[in-house]
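Engineer: what's the 3D shape of this:
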Amino acid sequence: MSLPAVRPPAVRLHQLEGFFHVATHEGYARAVAALPYAITEPALHQQVRKLERALGIALLERAAGRRMLLTPGGRALYRFVAPYFEQLDGVLRSVAEGTRATLTLVAEPLYVDPLCAPALATLRAELPEVELRLDELDDTDPSQAVLTGHADVVVAIEQPAGKGVDYSPLGELGLLLLVPEGDPLAGRRPPLKPRALQEQRFVVYPPGTPGRTFTEAALEQAGVELRVAAEASSASAMQALVCAGVGAAFVPAPLPTTRRVRRRVRSDGSVAFDLTELLRQFAELPRFGSYRRASAQPGGVAAACCVALQDQLKKTR
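Structural biologist: Next comes the predicted model:
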């Protein structure tokens, strides 16, 4: 007598998608932010619970803090569903691009204004038929952003590229001292002497961050007391405060591949002093570059974008 066929558990695609994002981001809050549709944390919890009930096993378990980690059964299921959801956006974009050419450039905020926006302007002039998009990179891994199809090209700090992703170095990060327009320090000529900074108030990163630690160490070595005018969490926010006249700020900046200018007046009226050699005294200069899918066409739009980025870096001052 033959045994009756065992029916597989009834699961839904959206349940698997919710489980994939919770497992990938190790938490419900980050998964909610990553999902391509609006959903609340309780609803996402319900999706995962229904999936676990259908399978009869626990897929995730709570770790330290609010982190959610995979159980042995969860790891087995994740290995199966991850390639599908990681590649889905890219496949859908490829299908859509059969009728139109598009390019999405994603970059850490530091590179958007001096590098990425001008590079896309060049690309627009060369390929006017291409639809362009520029987004800021959050805490997503650059390789992951490329593999999931969220980006065609990513500009970020150098780190190991994932399988199927090509990394191309672009340059190094230097250090600028930005001074508000009209500040007495703005009229100085390089090199700046420590005594010129004695009465200066600075816009700085929050305490405990690498940028704040560097600023404190550099000023201490120069014998200058740190006088805080304001704190900001990003280089772009610091530049905005400098523009508003709140104070001066040490900010990282992409180094041009050609001659550097030790002092220049920026378009917003602030003055930038190149202090990269000071940074070299404390650490090796960080490197950054572009990431794109390894299977991308050599002469395609993504490749043209990378060339435009390299060309723009030569013009950076």
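Engineer: I'd like the distance between Ala161 and Pro252.
Structural biologist: Separation of Ala161 from Pro252 (C-beta to C-beta, to the nearest Å) stands at 22 Å. Any C-beta I mention is one placed from the backbone N, CA and C, and that applies to glycine too.
Engineer: quick one, which of the two is more surrounded?
Structural biologist: Applying other C-beta atoms under 10 Å to Ala161 and Pro252 shows that Pro252 carries more neighbours, namely 21 against 18.
Engineer: how about the secondary structure of the more buried one?
Structural biologist: What DSSP: H, G, I helix; E, B strand; the rest coil gives for Pro252 is strand.
Engineer: mind checking pLDDT for the closest residue to it other than its chain neighbours?
Structural biologist: Once flanking residues are discounted, Pro252 sits nearest to Leu173: 4.7 Å by C-beta to C-beta, 6 or more residues apart in numbering. The per-residue pLDDT reported for Leu173 equals 84.
Engineer: so Leu173, which of the three states?
Structural biologist: Put simply, Leu173 is strand when judged by three-state DSSP.
Engineer: is it in contact with Ala253, as I believe?
Structural biologist: Yes. Applying C-beta atoms under 8 Å as the test, Leu173 and Ala253 come out as touching, 6.8 Å apart.
Engineer: find residues that contact each of those two.
Structural biologist: Leu110 (C-beta atoms under 8 Å, 6 or more residues apart in numbering).
Engineer: quick one: Leu105 is in a strand?
Structural biologist: Yes. Assessed by three-state DSSP, Leu105 belongs to a strand.
Engineer: in the sheet, who's paired with it?
Structural biologist: Leu134, Val153 (DSSP bridges).
Engineer: show me what the lowest-mean-pLDDT helix or strand in the chain is packed against.
Structural biologist: Least confident helix or strand of the chain, by mean pLDDT, DSSP states H and E, is helix 276-280 with a mean of 77. With contacts defined as 3 or more C-beta pairs under 8 Å, 6 or more residues apart in numbering; DSSP states H and E, the packing partners of helix 276-280 are strand 165-179.
Engineer: can you list the strands that the strand it packs on pairs with?
Structural biologist: Assessed with DSSP bridges, strand 165-179 is paired to strand 248-254 (antiparallel), strand 271-274 (antiparallel), strand 287-293 (antiparallel).
Engineer: from the middle of its chain, how far away would it be?
Structural biologist: 13 Å (C-alpha atoms, centre = their mean, to the nearest Å).
Engineer: could you point out which element follows it?
Structural biologist: strand 202-204 (DSSP states H and E).
Engineer: quick one, domains of this structure?
Structural biologist: What automatic domain parsing lists as the domains of the chain is 13-85, 95-171+286-315, 172-280.
Engineer: what about Ala244, how many neighbours?
Structural biologist: Ala244 has 13 neighbouring residues, counting by other C-beta under 10 Å.
Engineer: er, Gly208 I mean
Structural biologist: Count around Gly208 with other C-beta under 10 Å applied: 7.
Engineer: now do Glu220
Structural biologist: 11.
Engineer: now do the contacts for it.
Structural biologist: Leu226.
Engineer: any idea how far Glu199 is from it?
Structural biologist: Glu220 is 17 Å from Glu199, by C-beta to C-beta.
Engineer: Leu255 too?
Structural biologist: As for Leu255, its distance to Glu199 is 29 Å (criterion: C-beta to C-beta).
Engineer: of the two, who's got more company?
Structural biologist: Ranked by neighbour count (other C-beta under 10 Å), Leu255 and Glu199 place Leu255 first, with 20 against 11.
Engineer: quick check: bridge partners of the nearest residue to the more buried one once chain neighbours are set aside?
Structural biologist: Computed as C-beta to C-beta, 6+ apart, the closest residue to Leu255 that is not its neighbour in sequence is Gly174, at 4.3 Å. Beta-bridge pairing for Gly174 (DSSP bridges): Ala253.
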